[in-house]
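K.L.:
Fold the stuff below for me.
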Amino acid sequence: MSDISRRDWVKTVGAASASALVAPNLPVIARAHYAPGDIVELTSTSEIFTPPRGRGFMKFSFDFPEPSVVFGDYRFGFLVFTDENTYGLDRAKLRADGNGDALRVTCDGFVWAGGQEKAPGKLVASLERKGNTIEWDVVVDMERPVKTISTIVRGVPRGQVSLSAGPFADQRDNELLGGYTFGAGDLHGPGSAAAMTTPLLMIQASPTDVFYLSSLDERVRPKRFYLAPGDTSYRVEAIYEHDAWRNDRHVQTSRWRMGRAASGDEAANLHMQHVEKTFSLPPWETRQDVPAWMRDIALVTTLHGMHYTGYMFNDYAKMLEILRWMSTQIPANRVLAFISAWDGRYYWDYPIYRASDRMGGVAGFTRLVQEAQKMGFKIMPMFGMNAANKKLPMWPTIADALTHKIDGDEYNLNWVDWNNDRHQDGWLGYMNLGVDSWRKHLEGRIADMIERYKVDAYFLDIAGGHVNSTNGDMHDGTRRLVMNLRSKYPNVLAVGEMPYDALHEFLPVYHAGGGPRWQKYSRFFSHLSAPAPGRGSSGVHEAGFQRFNTETLGIGQTSIPTLQVVDDTFTAHRDVMAAVIQRAKQRAQIG
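P.N.:
Numbers count the residues shown, from 1 in each chain. The predicted structure is shown next:
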């Protein structure tokens, strides 16, 4: 391609500029083909259904300027979000220099108020063609802290959509928003995003043509992918959110990569090559953080303890009775016993983490662990990784670790109706392990459990609930917690609830999120909310009741067989327990 740093012809293409080049009363014909570096005058409503024809998300009620630069088969625009407003590129100060292989987009000023006002600042986007892919990053300088930078890509084909290498699905004329991780911190409430485990968007234009867009970030930061459909294409926003604790006025985004592949597997494999290298994901077979006993586990049994209300499903003595019976059905050394809500009222007593007097006290818990281990069982108690009751007397000692989202608002675990008054309760703080006070407290309670009772593993609830907090790096804090404990107790297994990609580096087992692609790195068992035999009780979990599948016995194809034990499981449904155990033995080829 020839150099296009200077042109003898007008770069800007649009209805307004075209009309100035033709005689009055003659029809305007917009150009269908552009050269690299052409600037196309577009707005936020260009080429998309307005109003939306299907599900929609909040948006401006006017046309916001989005001048875009042509590169490859696409047009690239940019938006910048500070702590107080939205800024677009000032068309009068926008230029593009380069060719079809590399393009530098520079804008020496911004507009706001839908283009009615101007603001100082600078944006530089560097786009580069690498074989069949396009990569780019963006550098922004503003007078106020920059929190988010969006790349707007037009020319993206419509088709079935996949988030995080999941199944392709027909979105029809709906808009779609996906957020990495944990919904990019907006998992609940109006406008919430679909949760993503890795920042990869794929669109299947045809059976042999898959468009993909992925982040090449080397840190865990929120990414959002927003798709607004038009007749034949999507307007796509690739959104980078900066570290909430930094307040930088000079921000460089991570790299983005976009391309076409012959299949979803090919596109996903390209993305996973980056993820594996960046976050040092080890394959399951060679992991050094998996004790030998874990590789022999054929069954996980979730023994439900005390509900939030104080209702007792199983106390320590009953749990031990159940395990004694189970040892007559299956070799005990092939079973991991997950003790949920062992510490008293589920979530209400977080984060004290001491043996419950009502359940049998220290003596009862000690007997449970010791007697179960003598039979061969492995014992794993549950800990809330990011939840603390703000009504407890010890709250002031950890209050500084309460998560605050990027705008400074408190983030609380307030999406559960614990007491069934049909109101989502708000007494739980969502805690950030990136803050020393919380990480040291939780590490101390887990260490006490390991040293006092000699348990074999510990479980971190909501491990995948990463939020970009103003008081520190949550992912880094999570990693420090696990690695600190591993250095002290190398033979104790760390287990998490649901993963995102980078967690697989240091958490090898989970009880949710076990898609086939992640089996390469980790193993999974069923969530504690899965229905128990009989009426399908979710035990200590807030879900309540769901249907227990009497055909599959609740055993998934990609997870370790899991047996949920609630209040009536052992007394009324022991036959189903035996059937689940037998199915697990068959899968593990235990005679």
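
K.L.:
for the helix ranked longest in the chain, what is the average pLDDT?
P.N.:
Using DSSP state H, we find that the single longest helix of the chain is helix 436-453. Taken as a whole, helix 436-453 has a mean pLDDT of 98.

K.L.:
The helix or strand that it is followed by packs against which elements?
P.N.:
Using DSSP states H and E, the helix or strand that follows helix 436-453 towards the C-terminus is strand 457-461. Packing partners of strand 457-461 (3 or more CB pairs under 8 Å, 6 or more residues apart in numbering; DSSP states H and E): strand 335-340, strand 378-384, helix 436-453, helix 474-488, strand 493-496. C-beta: built from backbone N, CA, C; applies to glycine.

K.L.:
Now the third one: buried residues?
P.N.:
Applying a neighbour-count criterion of 16 or more other CB atoms under 10 Å, one finds 438-439, 441-443, 445-447, 449-450, 453 buried in helix 436-453.

K.L.:
and which of these is nearest Lys585?
P.N.:
Set against Lys585, the nearest of the buried residues of helix 436-453 by CB to CB is Tyr453 (28.4 Å).

K.L.:
What is the burial count for the nearest residue to that closest one once chain neighbours are set aside?
P.N.:
Excluding the flanking residues, the one nearest Tyr453 by CB to CB, 6 or more residues apart in numbering is Val369, at 4.8 Å. Using other CB atoms under 10 Å, Val369 has 24 neighbouring residues.

K.L.:
so Val369 sits right up against Lys454, yeah?
P.N.:
Yes. Using CB atoms under 8 Å as the test, Val369 is close enough to Lys454 to be in contact (6.8 Å).

K.L.:
re earlier: can you put the buried residues of helix 436-453 in TSV and add distance to Val69?
P.N.:
Listed next are the buried residues of helix 436-453 as TSV, based on distance: CB to CB, whole Å:
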residue	distance to Val69
Trp438	45
Arg439	44
His441	50
Leu442	48
Glu443	49
Arg445	54
Ile446	52
Ala447	55
Met449	57
Ile450	57
Tyr453	62
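
K.L.:
circling back: and the angle from the longest helix of the chain to helix 474-488?
P.N.:
Angle, helix 436-453 to helix 474-488, by axes from the mean of the first three to the mean of the last three CA atoms, to 10 degrees: 30 degrees.

K.L.:
quick check: angle from helix 436-453 to strand 378-384?
P.N.:
With the same axes, to 10 degrees applied, the angle from helix 436-453 to strand 378-384 works out at 160 degrees.

K.L.:
Which elements pack onto helix 436-453?
P.N.:
When contacts are defined as 3+ CB pairs under 8 Å, 6+ apart, helix 436-453 packs onto helix 361-375, strand 378-384, strand 457-461, helix 474-488.

K.L.:
quick one on the thing from earlier: check the buried residues of helix 436-453 against Arg334 and report the nearest one.
P.N.:
Nearest to Arg334 out of the buried residues of helix 436-453 is Tyr453 (CB to CB; 21.4 Å).

K.L.:
show me what contacts that closest one?
P.N.:
365-366, 369, 379 (CB atoms under 8 Å, 6 or more residues apart in numbering).

K.L.:
Could you turn the buried ones of those residues into a PyMOL selection?
P.N.:
Per 16+ other CB under 10 Å, the buried members of the contacts of Tyr453 correspond to this PyMOL selection:
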select buried, resi 365+366+369+379
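
K.L.:
Pull the most distant pair out of the contacts of Tyr453.
P.N.:
That would be Thr366 and Ile379, which, of the contacts of Tyr453, are the farthest apart (CB to CB) at 11.2 Å.

K.L.:
for the stretch 51-200 of the chain, which spans come out with low pLDDT?
P.N.:
Nowhere does the stretch 51-200 of the chain drop to pLDDT under 70.

K.L.:
same thing but at 90, please
P.N.:
185-191 (pLDDT under 90).

K.L.:
What ranges does it have for its strands?
P.N.:
Ranges of strands within the stretch 51-200 of the chain are 68-71, 74-82, 86-89, 94-98, 102-107, 110-112, 117-119, 122-130, 133-141, 146-157, 160-163, 176-180, 194-196, 200-206, based on DSSP state E, counting those that start in this stretch.

K.L.:
Just give the closest residue to the residue nearest to the spatial centre of the chain, not the sequence neighbours.
P.N.:
Nearest to the centroid of the C-alpha atoms of the chain, with distances taken as CA atoms, centre = their mean, sits Thr181, at 2.4 Å. Nearest non-adjacent residue to Thr181, counting by CB to CB, 6+ apart: Tyr500, 3.9 Å away.

K.L.:
ok, back up a step: who are the contact partners of the residue nearest to the centre of the chain?
P.N.:
195-197, 220, 222, 464, 466, 500.

K.L.:
Same check on Glu128?
P.N.:
Glu128 neighbours (CB under 8 Å, 6+ apart): 101-103, 134-136.

K.L.:
Also Asp448?
P.N.:
Asp448 makes contact with Tyr353 under the criterion CB under 8 Å, 6+ apart.

K.L.:
for Arg345, same thing?
P.N.:
Neighbouring residues of Arg345 by CB under 8 Å, 6+ apart: 306-310.

K.L.:
likewise Ala578?
P.N.:
Contact partners of Ala578, counting by CB under 8 Å, 6+ apart, are Gln329.

K.L.:
again, only using 6 Å
P.N.:
Taking CB atoms under 6 Å, 6 or more residues apart in numbering, we find Ala578 in contact with no residue.

K.L.:
Now do the SS call for it.
P.N.:
Assigned with DSSP: H, G, I helix; E, B strand; the rest coil, Ala578 falls in the helix class.

K.L.:
ok, now the one 5 residues further on?
P.N.:
Local secondary structure at Arg583 is given as helix here, using three-state DSSP.

K.L.:
and the gap between it and Leu336?
P.N.:
From Arg583 across to Leu336, the span is 16 Å (CB to CB, to the nearest Å).

K.L.:
How about Asn132?
P.N.:
According to CB to CB, Asn132 stands 45 Å off from Leu336.

K.L.:
of those two, who's got more company?
P.N.:
Counted by other CB under 10 Å, Asn132 and Leu336 do not tie: Leu336 has more neighbours, with 24 against 9.

K.L.:
I'm done for today, thanks for sticking with me.
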